[in-house]
Structures are given as structure tokens and as C-alpha cells.
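Engineer: The following comprises the amino acid sequence and a computationally predicted model.
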Amino acid sequence: MWPRIGGLRTLALGTPGDLRARLNGLVLAGVKTATAGLLTEYAQEQEKLEHVGERLVLVDDDDRFVGVVEVTGVEVVRFADVSWDFARSEGEGDRSLDEWRAGHAAYWQREGTPVTDDTDVVCIRFRLESAGDGGISTGDLST
């Protein structure tokens, strides 16, 4: 299971280090409003899919609070069927859907999970609800 903070599931983007710091920065700047994961990861971690309205705690490399996002959309699609609209909303600077696919395929390959056109991808859209010291950082975040 994924870690929880204040009763909420955490959202740890990318891999620890520079990538996570960059992705978190994009979320905090309002540029990144979506993320993609592999459906197989949910089964491996015995996690249910996120749902619209669910709040997630965005965390840093040490699973510390960075912000809270609210899920605004969840869709499972084949890797080949991820839309440009979704890819663009990930806010990572891809200039085309082909570039997004190549980058994500390379990332998942490095992580030990090669993807094919038929691999199921969980496409999550979200909005930033609160962040940093000015946001909610302690107590019951589920309310």
C-alpha cells in the first residue's frame, strides 16, 4: 500500500531526486495538472484507483508534505490511446504526442516495466488545492 498522511493517500511523482523536485515544482506552479501511471502498479500495491473528488497529499523524496491536490478525472486507457490533450496537461514540456509516448515509454523501461501499445495507463487529472507552509500541513487532511 502507498503511504498515507492524515488519512489521505500520497502522490509521489516520478522518481526521487531531481525528477520529483521538478515535477512537484510544476504542480505548485499550476503547470502540471495531470499524471499517468500503470494499472499494473495498482494491483502490485493492492491499491484502488483514485476517484473524482479524492484528495491526495503531494510528497517529496522523504514522503513529506508538499501540497494537496484534488482528483478531477480518472480514466484507464491503452498506452496507444492516451490523448494529446491529456499528455499536454502533464505539463512536462512535450511538444507532441509522439514525444510524450517516447519519454514515458523510456521512463517505464528504466523502472523495469516496458510498455506496449496495449498497456493500460491510468490517466489522472487534478487541481492544486493547497501547498507548502501556507497550506494544510498537519492534522486530519481528509476533511
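Structural biologist: In hand now; what should we look at?

Engineer: burial of V31, as a residue count?
Structural biologist: 14 (other C-beta atoms under 10 Å). C-beta: built from backbone N, CA, C; applies to glycine.

Engineer: With adjacent residues omitted, what lies nearest to the residue most central in space within the chain?
Structural biologist: Taking C-alpha atoms, centre = their mean, the centroid of the chain lies closest to T35, which sits 3.7 Å from it. Once flanking residues are discounted, T35 sits nearest to I124: 5.4 Å by C-beta to C-beta, 6 or more residues apart in numbering.

Engineer: Okay, Y107 and H51: tell me how far apart.
Structural biologist: Note on Y107: its distance to H51, by C-beta to C-beta, to the nearest Å, is 25 Å.

Engineer: wait, I meant S130
Structural biologist: 19 Å.

Engineer: Repeat that for Q109.
Structural biologist: From Q109 across to H51, the span is 29 Å (C-beta to C-beta).

Engineer: and if you look at Q44?
Structural biologist: Between Q44 and H51 the distance is 20 Å, computed by C-beta to C-beta.

Engineer: Can you list the strands that the longest strand anywhere in the chain pairs with?
Structural biologist: When the chain is parsed with DSSP state E, its longest strand is strand 65-78. Strand 65-78 has the following sheet partners, assigned by DSSP bridges: strand 55-59 (antiparallel), strand 120-131 (antiparallel).

Engineer: Tell me the first helix or strand C-terminal of that strand.
Structural biologist: Elements were assigned by DSSP states H and E; along the chain past strand 65-78, the next helix or strand is helix 84-89.

Engineer: What angle do strand 120-131 and the next helix or strand after that following helix make with each other?
Structural biologist: For helix 84-89, the succeeding helix or strand toward the C-terminus, using DSSP H and E, is helix 97-110. Between the axes of helix 97-110 and strand 120-131, defined by axes from the mean of the first three to the mean of the last three C-alpha atoms, to 10 degrees, the angle is 90 degrees.

Engineer: Thanks a lot, catch you later.
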